[in-house]
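A.B. asks: Have a look; sequence and predicted model below, questions after that.
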Amino acid sequence: PAGFMDVIEIPKSGERFRVLYDVKGRFAIHKILPAEAKFKLCRVRHVRVARKGIPFIVTHDARTIRYPDPSIAQNDTVKVSIESGKIVDHVKFEVGNLCMIIGGRNLGRVGLIQHVERHATSHDIVHIKDANENTFATRISNVFIIGKGTKSLVSLPKRKGIKKSQLEEQGDRMRKGKK
């Protein structure tokens, strides 16, 4: 089975694909270059200390990585080498970073984090602005950081995570039908 951010390689054809979400919330198999197929991004679910004081992190795909960088926190994203399973780089969960939504109504959308509302008794809410200047909000558990600033660490599928309104989609279908 393959899930979000997994890399799929077909040895006979030499093609490599990454599993992402499209803006309609479906899995999208996106063709990638060999250099990009050497790593995957993993969202940090937990940062804990085991017996005998050994620190470790648990990622969204159930990986347990021991002795991580002390600056890695929950909701950050780590860049993991597929060959070695070690952390190559990490991106902090902070305002101004590029993210993809991995749950809820906005599944598959991509945008920049504008601000985070902290709620003591409920879910924290993250406000995001996409490339078309549309803003939306979702729970912090639905946000997956995919880049530092505006630069993405992975290539994105066809629409680059920008959701069109129903009227824009209808106009595109009408123009496509006239050709």
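C.D. replies: Yep, that arrived.
A.B. asks: in which helix or strand would I find the residue nearest the centre of the chain?
C.D. replies: Centroid-nearest residue in the chain: F144, 4.0 Å away (criterion: Cα atoms, centre = their mean). Using DSSP states H and E, F144 sits in strand 143-148.
A.B. asks: What residues sit buried inside that strand?
C.D. replies: 143-148 (16 or more other Cβ atoms under 10 Å). The C-beta positions use only the backbone N, C-alpha and C, and glycine is treated the same way.
A.B. asks: Could you list every helix and strand that the following helix or strand past it packs against?
C.D. replies: Counting by DSSP H and E, the next helix or strand C-terminal to strand 143-148 is strand 151-152. Here strand 151-152 touches no other helix or strand, going by 3 or more Cβ pairs under 8 Å, 6 or more residues apart in numbering; DSSP states H and E.
A.B. asks: So which residues make contact with strand 151-152?
C.D. replies: The contact list for strand 151-152 (Cβ atoms under 8 Å, 6 or more residues apart in numbering) reads 98, 110, 146.
A.B. asks: Show me how far it is from its chain's centre.
C.D. replies: Strand 151-152 sits 11 Å away from the centroid of its parent chain (Cα atoms, centre = their mean, to the nearest Å).
A.B. asks: Mind checking what helix or strand follows that strand in sequence?
C.D. replies: Trace forward from strand 151-152 with DSSP H and E and the next one is helix 166-178.
A.B. asks: Just the mean pLDDT for that next one, thanks.
C.D. replies: What helix 166-178 shows for mean pLDDT is 89.
A.B. asks: and for it, what are the contacting residues?
C.D. replies: K164.
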